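**Q** Here's my sequence, what's the structure:
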Amino acid sequence: MHGVHLTAELHDCAAGPLLADPQALRVLCLRVVAEAGLTPVGDLFHPFGPAQGVTGVVLLAESHLALHTWPELAAVTLDVYVCNLHADNSRRAECVVDALEAAFAPRRRQRQRLQRGQLEAAARA
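**A** Next up is the predicted model:
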C-alpha cells in the first residue's frame, strides 16, 4: 500500500488535437511511462466520439496512470499512483506527470500529492 498518488488538472491546453486522439494519447502515455522507468502491463484508451474526449489508462506493475480529456474545454485530468514496495517510485511518478504536462502545455495547472500507506505502521502491527 505504501506509495505516492499524484493528480493534476490541466486547463487551457495548447495541444488541442492531441486531446481527441486516442492512439496519439496511447503512444504518448506508453512513451513517458517507459522513459520514467515504470512497467506497463496493459492499457485501454476509449474515445467518446469525433472531436470528443478520451479516457485512458495504463496499468502498471507499480499501479496505474489514468487520464481524461475534454477537448471542448482544452482540459485534461491526470492520475498517477505508484507503489513503493520494492523501490521508491515517487520520482518516476513525478516524471510521468511532468512529461505529460509538458506535452499538453497548459496555461493553468493544479497538482495534488497524497502519500498512501505507511510501511512503519504496517511493520508494527
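
**Q** pLDDT weak spots in this structure?
**A** Low-confidence segments of the chain (pLDDT under 70): 119-125.

**Q** how does it look with 90?
**A** 1-2, 16, 50-51, 84-87, 116-125 (pLDDT under 90).

**Q** Measure how buried the closest residue to Ser90 other than its chain neighbours is and give me the count.
**A** Spatial nearest neighbour of Ser90, chain neighbours left out: Val4 (4.5 Å); criterion: Cβ to Cβ, 6 or more residues apart in numbering. Where you see a C-beta, it was placed from the backbone N, CA and C, and this is true even at glycine. Using other Cβ atoms under 10 Å, Val4 is surrounded by 22 other residues.

**Q** Count residues in the vicinity of the nearest residue to Ala74 once chain neighbours are set aside, would you?
**A** Among residues not flanking Ala74 along the chain, Cys13 sits closest, at 4.7 Å (Cβ to Cβ, 6+ apart). Residues near Cys13, counting by other Cβ under 10 Å, number 23.
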